[in-house]
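S.K.: give me coordinates for this.
(one chain, ligands or ions: 1)
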Amino acid sequence: MDSLTQSLEKLMSQLVAWRRDFHQYAESGWVEFRTAAKVAEILDNLGYELAMGRDVVDADSRMGLPDADTLAAEYARARQQGAPEKWLSAFEGGFTGLIATLKTGRPGPTLAFRVDMDALDLSEALDDSHRPFRDGFASCNPGMMHACGHDGHTTIGLGLAYLLKQNESRLNGTIKLIFQPAEEGTRGARAMVAAGALDGVDYFTAIHIGTGVPAGTVICGSDNFMATTKFDVRFTGVAAHAGGKPEDGRNALLAAAQAALALHSIAPHSEGASRVNVGVMQAGSGRNVVPASALLKVETRGESEAINQYVFERAQGVIDGAAALYGVKAEMRLMGAATSSSPSPAWVDYLREQASQVAAVHQAIDKVKAPAGSEDATLMMAHVQQNGGLASYMVFGTDLSAGHHNEKFDFDEQIMGVAIETLARTAINFPWTRGV
Ligand SMILES: O=C(O)C[C@H](NC(=O)Cc1c[nH]c2ccccc12)C(=O)O
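M.R.: Predicted coordinates:
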């Protein structure tokens, strides 16, 4: 057994403890205060140079930020839930990103690895058929759950940090470990790109676990992310007596309901897959009042940027039409966005060679056909590629207890070791003098 595998075996119980801690204190996008502060503490102890908060997250480029009251309440809760005080304040107000840098002092390119830290807006299943509940680490934050594996991703970032530090003498150039907030809703990456976090990165790799890929399979160049636009629509009508003067009212609820149905019936596009989802609809204030307000949370997706744009434009038409039908006002607000991905072939080849060397990996392949979800790491990939760097996105297949975004989602924790070993090899075996 080689030394990396041995180190990982020793590290496994620590990895499981970290993952379960993040899982238990799940925090949604932009409120990952406790998570980020813990990550900072661990990375500082490992000897990394840290940049965090406003230095790596551009305030004005953040999308889909919760309101100020929510940010403050979540911050207070993080403190109560044991976030290390020394690091917490850097993240206050929703600046929950950080970057750990290892400068070897020897010449060579910059390799960056990106993981995400946020949970989903979903309440975890609290019953004995669900392992996190049975074993006492289910989310204690109602309405927030790690149902997409980002608790695992964060832990993979920490495990990678540990192994790379241990093997520092075998590295050259610079290693950057990027811990991103608010991937769900594709809200966070743009703000890190805008803060310059990706500038100067020569080789970029983002990762995900699961996504329906079988255990033993690693995808080294996911090219199937859909371009996406996330937006809220606020309909404003006129409240009126529903019995006495209904004709004075302007019904925002009906406008929202018509819009929801019509959005889901936008014609598909002949050139590729598309999606629409109205994920939230809230409306009205009382039984006998004509509803004067309604909110929709909507997303469009497309296999290409052009297809997403087509669906988004149709969606705008639908919303304006529904508003006109009921004489109400509709305001759209952009809440998130990401593009499709095209991994760099040479980097994919190199990643495939590295993944193939890991014992638990039976199959390292470039890609799978089916369109997947979306990912805002695609914005980081595009930025690196525009500046002449190479970028890719890897998926580490694993057994799941339920699908992503389901309240019984859980994964086989062994996958964290597989991902860490693959990424550590990627850096340690890197041909520093000639590049890839
Ligand atoms: O669009 C988003 O909000 C990002 C979110 N991202 C993921 O879920 C990660 C992901 C990407 N591809 C897959 C495929 C299956 C599960 C999860 C994923 C999504 O697609 O809803």
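S.K.: quick one, helices of this structure?
M.R.: Remark: helices of the chain, listed N- to C-terminal, are 3-24, 33-46, 68-80, 85-88, 131-134, 150-166, 189-194, 252-263, 305-326, 345-356, 377-386, 414-428; assignment by DSSP state H.
S.K.: could you export those helices as CSV, including mean pLDDT and mean neighbour count?
M.R.: (Glycine included, C-beta is placed from N, CA and C.) Output for the helices of the chain, formatted as CSV (pLDDT from 0 to 100; neighbours: other C-beta atoms under 10 Å):
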stretch, mean pLDDT, mean neighbour count
helix 3-24, 95, 17
helix 33-46, 98, 23
helix 68-80, 98, 15
helix 85-88, 98, 16
helix 131-134, 98, 16
helix 150-166, 98, 25
helix 189-194, 98, 24
helix 252-263, 98, 22
helix 305-326, 98, 18
helix 345-356, 98, 20
helix 377-386, 98, 23
helix 414-428, 98, 23
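S.K.: give me every residue in the stretch 201-350 of the chain lying close to the ligand.
M.R.: Residues of the stretch 201-350 of the chain found near the ligand (C-beta under 6 Å from any ligand atom) are 208, 211, 212, 228.
S.K.: number of residues surrounding the first one?
M.R.: Residue 208 has 26 neighbours, counted by other C-beta atoms under 10 Å.
S.K.: repeat that for the last one.
M.R.: A total of 27 residues lie near residue 228 under the criterion other C-beta under 10 Å.
S.K.: try residue 140
M.R.: So residue 140, with other C-beta under 10 Å, has 13 neighbours.
S.K.: dump the residue contacts of the residue nearest to it when sequence neighbours are not counted.
M.R.: The shortest distance from residue 140 to any residue that is not its chain neighbour, by C-beta to C-beta, 6 or more residues apart in numbering, is 5.8 Å, and that residue is residue 24. Listed by C-beta atoms under 8 Å, 6 or more residues apart in numbering, the contact set of residue 24 reads 132, 137, 138, 139, 140.
S.K.: please produce JSON lines containing those, extended by distance to residue 381.
M.R.: Shown next, in JSON lines, are the contacts of residue 24 (distance: C-beta to C-beta, whole Å):
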{"residue": "132", "distance to residue 381": "31"}
{"residue": "137", "distance to residue 381": "33"}
{"residue": "138", "distance to residue 381": "34"}
{"residue": "139", "distance to residue 381": "30"}
{"residue": "140", "distance to residue 381": "35"}
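S.K.: of those residues, just say which sits nearest to the ligand.
M.R.: When the contacts of residue 24 are compared for distance to the ligand (C-beta to the nearest ligand atom), residue 139 wins out at 17.5 Å.
S.K.: that closest one: how many residues sit nearby?
M.R.: So residue 139, with other C-beta under 10 Å, has 27 neighbours.
S.K.: before we move on, back to that, closest to the ligand among the residues of the stretch 201-350 of the chain next to the ligand?
M.R.: Among these, residue 211 lies closest to the ligand (C-beta to the nearest ligand atom), at 3.6 Å.
S.K.: show me the contacts for the closest one.
M.R.: For residue 211, the set of contacting residues under the criterion of C-beta under 8 Å, 6+ apart consists of 372, 373, 395, 397, 404.
S.K.: I figured the fourth one hits residue 222, correct?
M.R.: Just to be clear, that refers to residue 397. No. Using C-beta atoms under 8 Å, residue 397 is not in contact with residue 222, being 11.8 Å away.
S.K.: more neighbours, those two?
M.R.: Looking at residue 397 and residue 222 with other C-beta under 10 Å, you find the greater number of neighbours at residue 222, namely 26 against 23.
S.K.: my guess is residue 294 contacts residue 260. True?
M.R.: No. Taking contacts as C-beta under 8 Å, residue 294 lies outside contact range of residue 260: 9.6 Å.
S.K.: shared neighbours of those two, which are they?
M.R.: Any residue near both residue 294 and residue 260 by C-beta under 8 Å, 6+ apart counts here, and that gives residue 281.
S.K.: quick one, phi/psi of the residue nearest the centre of the chain?
M.R.: Within the chain, one residue has its C-alpha closest to the average C-alpha position: by C-alpha atoms, centre = their mean, that is residue 183, at 2.3 Å. Phi and psi for residue 183, reported as degrees, to the nearest 10, are phi -70, psi -40.
S.K.: do you know how far it is from residue 297?
M.R.: In this structure, residue 183 lies at 17 Å from residue 297, with C-beta to C-beta, to the nearest Å as the measure.
S.K.: with residue 119 instead?
M.R.: For residue 119, the distance to residue 297 under the criterion C-beta to C-beta works out to 17 Å.
S.K.: so for these two, which residue has more residues nearby?
M.R.: Each of residue 119 and residue 297 had its neighbours counted (other C-beta under 10 Å), and the higher figure belongs to residue 119 (27 against 18).
S.K.: the closest residue to the ligand within the chain: neighbour count?
M.R.: Taking C-beta to the nearest ligand atom, the ligand has its nearest neighbour within the chain at residue 373, 2.3 Å off. Using other C-beta under 10 Å, residue 373 has 18 neighbouring residues.
S.K.: likewise for the one 3 residues further on?
M.R.: Around residue 376 sit 29 other residues, with neighbours defined as other C-beta under 10 Å.
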